[in-house]
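> Compute the structure for the input listed below.
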Amino acid sequence: MSERKTRAKKSYGQHFLTNEHYAHQIAFALELTDQYDHVLEVGPGQGMLTKHLLERSDDFELTVSEADKDMIEHLENHFPELTDRIVPGDFLKAKLDRIFDNKPFGLIGNYPYNISSQIMIKMLDNYQQIPEMVGMFQKEVADRVIAGNGSKTYGVIGVLVQCRYIPSLVLNVSPGNFNPPPRVDSAVIRLVRRPEPLVPDELWGRFKHIVKSAFGMRRKMLRNSLKSAFNDDQLKDEFFQRRPEQVSLEDFVALTLKPQNEKNTDS
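Residues are numbered from 1 along each chain as shown. Got it, this is the predicted structure:
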């Protein structure tokens, strides 16, 4: 295959990791392998991370998801053991329950930065199958996932992820460790699924609505941003005079669990 075809493509948001040491660290950051027998790598590209994941064949069976047809051909040529375990096409459209027949799996990847937040949302939607995730993200996105209340980076994605997973930083990666170098710093984070989500599945939709509504009007007090979720009497509570960055994850959970009453229409 020509070098031109295996170069990173802007359309796929590709920046290939070139640092072997970091690739090894990322591959071995998956620690809960007693809880699953399969791992799905998203966006393997030229296979820098893939080859280190294949070193762990005693721990799990590796499957890869790749949208770029040129990269699929490259993987088939360089990793023939993966030929039957390459899922072609857009990961965001993949039916994860079908790939592993509803069995649990670890999720990992040097994720394309242009869809990295969407990858996390898909993970959250399939959290019951995914005990653990390790991934490379734009550092700004990684910071948002890890942030707690009071931080400037605290927002929707962090609150949603932390409701179902416990995040930690694995390592920071500078642009010079990629080809081509991205214009931003990067970071690898690990997410471990909570033993029980902080919000039950039947209230997940309400939780998302409350969090997104609150941060959708970031500079306003909750009494203004959450009118669609609470009645007038509830909004009179002093708590609703806070702004979203002052509200902890536990507070958002408590808001979600509050009894829902009919909106007060008294004059």
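
> List the buried residues for stretch 33-45?
Using 16 or more other Cβ atoms under 10 Å as the test for burial, stretch 33-45 gives 33, 36, 38, 39, 40, 41, 42, 43, 44, 45. In short, each C-beta sits where N, CA and C put it, glycine included.

> what residue ranges in this protein score low on pLDDT?
Residues of the chain meeting the criterion pLDDT under 70: 1-5, 8-9, 11-12, 261-267.

> Now do the domain split for it, please.
3-193, 201-257 (automatic domain parsing).

> State the helix or strand in which residue 101 lies.
Secondary structure assignment for residue 101, by DSSP states H and E: no helix or strand.

> count of residues packed around it?
7 (other Cβ atoms under 10 Å).

> try residue 178
21.

> what's the answer for residue 111, then?
Neighbour count of residue 111, defined by other Cβ under 10 Å: 24.

> got a list of what it touches?
With contacts defined as Cβ atoms under 8 Å, 6 or more residues apart in numbering, residue 111 is in contact with 42, 43, 119, 135, 136, 137.

> Pretty sure the third one sits in a strand.
No: the assignment for residue 119, made by DSSP: H, G, I helix; E, B strand; the rest coil, is helix rather than a strand.

> which residue packs closest to it, ignoring adjacent ones?
residue 111 (5.4 Å; Cβ to Cβ, 6 or more residues apart in numbering).

> Doesn't residue 202 lie inside a strand?
No: per three-state DSSP, residue 202 lies outside any strand segment and is helix.

> how close does it get to residue 256?
Distance, residue 202 to residue 256, by Cβ to Cβ, to the nearest Å: 11 Å.

> The two - which one has more neighbours?
Neighbour totals were compared for residue 202 and residue 256, and residue 256 leads with 22 against 7 (other Cβ under 10 Å).

> and the more buried one, what does it touch?
Contacts of residue 256 by Cβ under 8 Å, 6+ apart are 199, 203, 206, 207, 210.

> what about it, which helix or strand?
Going by DSSP H and E, residue 256 is part of helix 249-257.

> ditto for residue 188
Using DSSP H and E, residue 188 sits in strand 186-193.

> Which residues does that strand contact?
Identification of contacts with strand 186-193 by Cβ under 8 Å, 6+ apart yields 22, 25-26, 29, 31-32, 123, 127, 130-139, 142-143, 145-146, 161, 164-175, 177-178.

> and that strand, how far out from the chain's middle?
The chain centroid and the centroid of strand 186-193 are separated by 8 Å under Cα atoms, centre = their mean, to the nearest Å.

> Next, the buried residues of that strand.
Applying 16+ other Cβ under 10 Å to strand 186-193 flags 186, 187, 188, 189, 190, 191, 193 as buried.

> Quick check: what element follows that strand along the chain?
helix 204-216.

> Show me what that next one is packed up against.
Judged by 3 or more Cβ pairs under 8 Å, 6 or more residues apart in numbering; DSSP states H and E, helix 204-216 is in contact with helix 156-164, helix 222-225, helix 249-257.

> Skipping its backbone neighbours, what lies nearest residue 203 in space?
Nearest non-adjacent residue to residue 203, counting by Cβ to Cβ, 6+ apart: residue 256, 5.4 Å away.

> gap between the one you found and residue 238?
19 Å.

> what's the answer for residue 190, then?
38 Å.

> if we can go back for a sec, can you flag the buried ones in the contacts of strand 186-193?
22, 25-26, 29, 123, 127, 130-139, 142-143, 145-146, 161, 164-165, 167, 170, 173, 177-178.

> Go through those residues and flag which are in helices.
Judged by DSSP state H, helices contain the following of the buried ones among the contacts of strand 186-193: 22, 25, 26, 123, 139, 142, 143, 145, 146, 161, 164.
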